[in-house]
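Engineer: here is a sequence with its predicted model. Questions after.
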Amino acid sequence: MTGASGRTLIMGVVNVTADSFSDGGRYLEPGAAVARARELVADGAAIVDVGGESTRPGAHRVPAELERDRVVPVISALAEEGIAVSVDTMRASVAAAALAAGAAIVNDVSGGRADPGMTTVVADSTAPWILMHWRPAQGAPGPAWADIHHEITDYDDVVLQVRDELLHQADAAIAAGIAPERIVLDPGLGFAKNADHNWALLHRLDVLQDTGFRVLVGASRKRFLGELLGGREPAGREVATAAVSALAAQAGVWGVRVHDVRSTADAIAVTAAWQRGAAPTTTATQDGA
């Protein structure tokens with residue numbers, strides 16, 4: 001399923017953080033974050049994803065109050081301008097404040113597992129809930145989500161196991177009163193997965209599509225693309241990101257989450273034109289025909 005136009009939607013990323021892996025600190029000041037969001041929309045983003053806590057490997061969690069104070073002013077300003085906003089958070093309290101400020105979507109990278117209160121917050125709203133696949137580090141000291149872990153987890157069949165674990169979370173959301181059409185599944189590329197896992201999931205996006213839920217793909221600037229390109233730094237991974245976006249769009253996903261919207265918008269436009277080329281060529285009718 002795609003957007004109303006039938007084309008895959010682009011979600012542009014605004015990290016209101018000091019330590020995100022690709023742009024940490026650039027948009028920490030609310031004015032800079034709002035300006036960046038406007039640029040993303042001008043470049044073709046249908047949704048702006050605002051997050052106040054980094055999930056890069058090795059990151060430590062920030063206090064809930066700090067995360068909330070980072071994202072709420074930005075979300076409020078963007079919502080007042082009529083920009084569709086998703087809040088990237090694992091915390092129910094931050095999601096609630098963001099929804100009150102005008103956020104339209106909750107993007108939960110923990111898949112609903114980090115905060116048991118998140119289900120109630122989403123159920124009490126009308127917002128779609130993006131459930132990403134991620135497994136916390138097994139045997140980690142303290143609360144499972146106290147720090148951000150990306151340890152590789154063993155899979156017998158990564159595609160089927162990710163699907164089944166996401167469906168388990170979706171079933172829990174539905175049981176709590178969240179309508180299926182409000183649920184979006186994200187395979188969680190790079191989260192408790194190595195490069196081979198990521199490519200397997202991308203190659204078999206049809207498995208997630210066949211669940212009937214909308215699907216979001218977030219490959220932007222991730223490490224497995226840098227590995228593919230010989231160790232290239234995040235800023236040099238935009239062409240690879242756009243290529244993944246185009247292939248994901250061709251697979252029919254609902255959305256792609258990216259940092260550089262323009263390159264992905266161009267790639268998706270090419271994909272759409274390519275697909276139109278499969279239709280029979282029509283010719284103008286002659287007068288009197």
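Structural biologist: Yep, that arrived.

Engineer: where are the low-confidence patches of the protein?
Structural biologist: Low-confidence segments of the chain, defined by pLDDT under 70: 1-6, 19-25, 58, 137-151, 280-289.

Engineer: determine the set of other helices and strands touching whatever helix or strand Ser76 lives in.
Structural biologist: According to DSSP states H and E, Ser76 maps onto helix 64-80. Contacts defined by 3 or more CB pairs under 8 Å, 6 or more residues apart in numbering; DSSP states H and E place helix 64-80 against helix 30-43, strand 47-51, strand 85-88, helix 92-101. Where C-beta positions appear, they are placed from N, C-alpha and C, glycine not excepted.

Engineer: so what strands line up beside the shortest one?
Structural biologist: Strand 85-88 has the following sheet partners, assigned by DSSP bridges: strand 47-51 (parallel), strand 105-108 (parallel).

Engineer: format those as JSON lines; extra columns: distance to Ala173 and mean neighbour count.
Structural biologist: What follows is these, written out as JSON lines (distance: least, CB to CB, whole Å; neighbours: other CB atoms under 10 Å):
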{"stretch": "strand 47-51", "distance to Ala173": "19", "mean neighbour count": "26"}
{"stretch": "strand 105-108", "distance to Ala173": "10", "mean neighbour count": "27"}
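
Engineer: can you list the ones you listed in a markdown table and add distance to Gly231?
Structural biologist: Shown next, in a markdown table, are the strands paired with strand 85-88 (distance: least, CB to CB, whole Å):
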| stretch | distance to Gly231 |
| --- | --- |
| strand 47-51 | 26 |
| strand 105-108 | 29 |
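
Engineer: relative to Ala265, which of those is closest?
Structural biologist: Of all those, strand 47-51 sits nearest to Ala265, with 12.9 Å by CB to CB.
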